[in-house]
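Asker: Kindly return the folded structure for what I paste below:
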Amino acid sequence: MLKRLLLTSFIVGTAACSTFAGTVDKTVQTVAPEAYDPLKHWEIDFETGGLWSVGNNASPLDYVLLPQMLTFKSPEAFGWDVGSGRLGFRHRISLLLEPIVEGPEDYYFGVAGSGILEWWNAPRDFSLFFAAGGGVGWMDSKGYEIEGAQGQDLNFNWFLYSGARFMVCKRGSIALGLYYQHISNMGTDDVNPGIDALGPMLSFGWHF
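Answerer: Here you go, the predicted structure:
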């Protein structure tokens, strides 16, 4: 009698668990997954491009720089719903390695930081961005050997950067942009022609 009661209880309990589990599974399957939002995540970008001398306010020499940047961006610090999308403000810091392929010097390396504004559309697969900031760096200056070259190794930089970013998979993105950079020693040396350069940038990003 006891064995029959235990067996019956086991069968009924198993059937109830199966029924409940099946109901839960069906419920879970009907819930739409939350869309991945790049503004809520950290991001690391590798950025590469080419910059050419522009304007008449810096060195008369024709400089060409090939910036290679490793950039880290924070999740959104604050933002607003704008139109059908979201305008977010994030923090950005870049490590700079810039071979100078045309000009007296050979390299410039340093760091630059800024805020960055990004407008993302509702599906979060496309954004427009704008950043402006600056930092400090080092180069092998040749200003006391070649006229028009930079006067000292320690130099400062500031930049303007704008473009568009496209998500190509859940966590991966690419971006195309236009980058303006100024490099000078800010008058801390008697020789200070500076470099004004402008050119396109290509970026590969990973969001995590």
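Asker: From residue 159, how far out is the closest residue to residue 50 other than its chain neighbours?
Answerer: Take residue 50 and drop its neighbours on the chain: the residue closest to it by Cβ to Cβ, 6 or more residues apart in numbering is residue 199, 4.7 Å away. Where C-beta positions appear, they are placed from N, C-alpha and C, glycine not excepted. Look at residue 199 and residue 159: by Cβ to Cβ, to the nearest Å, they are 12 Å apart.
Asker: Now do the shared contacts for these two.
Answerer: Where contact means Cβ atoms under 8 Å, 6 or more residues apart in numbering, the residues bridging residue 199 and residue 159 through contact with each are residue 179.
Asker: Which strands border the longest strand along the chain, and is each parallel or antiparallel?
Answerer: Longest strand in the chain by number of residues (criterion: DSSP state E): strand 85-102. Sheet neighbours of strand 85-102, with direction, are listed as strand 64-65 (antiparallel), strand 68-73 (antiparallel), strand 78-82 (antiparallel), strand 107-120 (antiparallel) (DSSP bridges).
Asker: nearest to residue 93, of those strands?
Answerer: Between residue 93 and these, the tightest spacing by Cβ to Cβ is seen for strand 107-120, at 4.5 Å.
Asker: Extract the CA atoms of the closest one and return them as PDB.
Answerer: Taking Å, rounded to 0.1, in the frame of the first residue of the first chain, the C-alpha atoms of strand 107-120 are listed here in PDB:
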ATOM      1  CA  TYR A 107      57.000  60.400 -35.000                       C
ATOM      2  CA  TYR A 108      54.600  61.800 -32.500                       C
ATOM      3  CA  PHE A 109      53.100  59.800 -29.600                       C
ATOM      4  CA  GLY A 110      51.000  60.800 -26.700                       C
ATOM      5  CA  VAL A 111      47.500  60.800 -25.200                       C
ATOM      6  CA  ALA A 112      44.400  62.800 -25.800                       C
ATOM      7  CA  GLY A 113      41.100  62.900 -23.900                       C
ATOM      8  CA  SER A 114      37.700  64.400 -24.400                       C
ATOM      9  CA  GLY A 115      34.000  64.100 -24.200                       C
ATOM     10  CA  ILE A 116      32.100  62.700 -27.100                       C
ATOM     11  CA  LEU A 117      28.500  63.300 -28.200                       C
ATOM     12  CA  GLU A 118      26.800  60.400 -30.000                       C
ATOM     13  CA  TRP A 119      23.300  60.300 -31.500                       C
ATOM     14  CA  TRP A 120      22.100  56.700 -31.900                       C
END
